[in-house]
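> Fold the stuff below for me.
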Amino acid sequence: MSGPDRGRTHARMLRVSTLALCLEAGVALAVLMTLGLSMEPEPEPAPGEDTPGAAIYVLVLPFVAVFGVLAAFAVSAVLILPVVLLGEDLGRRFGRDPLWWQLALAGLAGALLAPLAGVWGWIAGWAVLAVAALLTRPARQGYFVSLLLWGTLAVVGVWMVGGIVLYAQG
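Residues are numbered from 1 along each chain as shown. The predicted model follows:
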């Protein structure tokens, strides 16, 4: 066999799952910021109090993004890849569709957040891990770029809808 491998490899799966987690973080950030800004009025600073401007946030954002990508990579390696691969192995072994095994394993892995964040943390963890696992399953050559383009379009769309909602509220 000659030529590059066009199938699914562990490296491709790791890149795709890291990208999926980063895209999910972008959507979650847009939704949480929109909800936060729409729920409460902005407090007025006290006279003489120094407030950080928007420039400080722009300067800090690249550093936060690097740590976010590293965290997404670690979660991908420790949770997402085992969920996908073990789900496929259980599906072959017990004759059931691997999708159901992967969703069940994502629910078990999401339960790791239950002691820290309660039932809502478990549900959020399950949803995040399940979506990342489902997006990681078809990680073949060329899939990363299409996921990057469509995922970025989805994140920008959510940000735009959030901005429209905030603008409409006045």
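> for this structure, what spans make up the helices?
Secondary structure of the chain by DSSP state H: the helices cover 10-39, 54-75, 81-94, 98-110, 114-136, 143-169.
> any idea of the angle the longest one forms with helix 54-75?
Okay, so that is helix 10-39. Relative orientation of helix 10-39 versus helix 54-75 (axes from the mean of the first three to the mean of the last three CA atoms, to 10 degrees): 140 degrees.
> Taking helix 143-169 as reference, get the angle to helix 10-39.
Using the same axes, to 10 degrees: helix 10-39 against helix 143-169 is 0 degrees.
> Which strands or helices does helix 10-39 pack on?
When contacts are defined as 3 or more CB pairs under 8 Å, 6 or more residues apart in numbering; DSSP states H and E, helix 10-39 sits against helix 54-75, helix 81-94, helix 114-136, helix 143-169. All C-beta atoms are positioned from the backbone trio N, CA, C, and that covers glycine.
> Can you give the distance of it from its chain's centre?
Relative to the mean C-alpha coordinate of its chain, helix 10-39 is positioned 4 Å out (CA atoms, centre = their mean, to the nearest Å).
> residues of that helix that come out buried?
12-27, 30, 34 (16 or more other CB atoms under 10 Å).
> and if you look at stretch 162-170?
Neighbour-count burial for stretch 162-170, counted by 16+ other CB under 10 Å, picks out residue 162.
> what comes into contact with it?
Stretch 162-170 is contacted by residues 30-31, 33-34, 37-38 when judged by CB atoms under 8 Å, 6 or more residues apart in numbering.
> Show me which of those residues is closest to residue 7.
residue 30 (34.2 Å; CB to CB).
> looking at it, that closest one is touching residue 160, isn't it?
No. Residue 30 lies out of contact with residue 160 (CB atoms under 8 Å); the separation is 9.0 Å.
> surely residue 131 meets residue 21?
No. With contact defined as CB under 8 Å, residue 131 does not reach residue 21; the gap is 9.0 Å.
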